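>>> What follows is a predicted protein model with its sequence.
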Amino acid sequence: MKKKALREQIIANLTALSPDVRHFQADELYQDLFASHAWNTSHTVAVTMSTETELDTQPIIEAAQQADKRVLVPRTFPGRQMEFVPLTDAVRLETSEYGIEEPVNGNATVKSAIDLIVVPGLGFTPAGDRLGFGGGYYDRYLADYSGQTVSLALDAQLFDTPQWSVKEHDIRVQQVITVH
Ligand SMILES: Nc1nc2c(c(=O)[nH]1)N(C=O)[C@@H](CNc1ccc(C(=O)N[C@@H](CCC(=O)O)C(=O)O)cc1)CN2
Ligand SMILES: Nc1ncnc2c1ncn2[C@@H]1O[C@H](COP(=O)(O)OP(=O)(O)OP(=O)(O)O)[C@@H](O)[C@H]1O
């Protein structure tokens, strides 16, 4: 299937999930993340500000802050580039034209200081293949990133093998946490 059609199908499946099922699955994913080696060895963690269709990242942000981790969130800029900015009390968030909250002030953290990136996406395989929203932001960012990466996949986002064409520039996620 073409990427665009598959993205639309996954979004439709995510939207159709009952809130109960979604919460039940999400809680399991959070617990596995919080129990993971990657999480427990990380002090600086990059997480997205999630949108309605995505897995809610607020519990991840709160858990990180409670564990005294530094939380970074993405800010996109022209050229389909992205940087990560500390989510502090001083940061102002504004909704971008794509409906994503982004910091408008604050300085980006250098890539080498990030211990763990929680990578968003629409589709995943257990091996770490990933279908994103199509911007290529994460593939570009991860190309020269050497820290840890993890993604959380609801059942509607998990495929045994990639149902999309995997390209040279696609960077696999090191660990995909799934519902058991
Ligand atoms: N919550 C969240 N934040 C995130 C991401 C994400 O997946 N989730 N990103 C993950 O990368 C980055 C933003 N990703 C984006 C991906 C695509 C488009 C975009 O351009 N969408 C257009 C299609 C453009 C085109 O190709 O013509 C659109 O939807 O109309 C924008 C942002 C950074 N922040
Ligand atoms: N490292 C890179 N250098 C240059 N172009 C890239 C790179 N990575 C991805 N791209 C380009 O970005 C576009 C989107 O890529 P792709 O469809 O793989 O994005 P995605 O993984 O779904 O999205 P995202 O990473 O934003 O979640 C493609 O045109 C691709 O060629």
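Perfect, I can see it now. Ligands and ions are numbered 1, 2, ... in the order given.
>>> So for the lengthiest helix in the chain, what gets flagged as buried?
The longest helix of the chain (DSSP state H) is helix 19-35. For helix 19-35, the neighbour count (16 or more other Cβ atoms under 10 Å) marks 22, 25-26, 28-30, 32-33 as buried. Using the backbone N, CA and C atoms, a C-beta is placed for each residue, glycine as well.
>>> Contact partners for Trp164?
1, 3, 6, 123, 131 (Cβ atoms under 8 Å, 6 or more residues apart in numbering).
>>> quick one: the last one and Leu122 touch, right?
Yes. Counting by Cβ atoms under 8 Å, Leu131 does reach Leu122; the two are 5.1 Å apart.
>>> any shared contact partners between those two?
6-7, 10.
>>> Without its sequence neighbours, what residue ends up closest to Asp129?
Of all residues not flanking Asp129 in the chain, Pro162 sits nearest, at 4.4 Å (Cβ to Cβ, 6 or more residues apart in numbering).
>>> So that neighbour lies in a helix, does it not?
No. Read with DSSP: H, G, I helix; E, B strand; the rest coil, Pro162 is coil and lies in no helix.
>>> what's the pLDDT at it?
In the predicted model, Pro162 carries a pLDDT score of 98.
>>> One more: Met1?
On the pLDDT scale, Met1 gets 76.
>>> For it, give its distance to ligand 2.
Distance of Met1 to ligand 2, computed by Cβ to the nearest ligand atom, to the nearest Å: 14 Å.
>>> That residue contacts Gln163, correct?
Yes. Counting by Cβ under 8 Å, Gln163 is a contact partner of Met1 at 5.9 Å.
>>> So for the two, which residue has more residues nearby?
Gln163 (15 against 11; other Cβ atoms under 10 Å).
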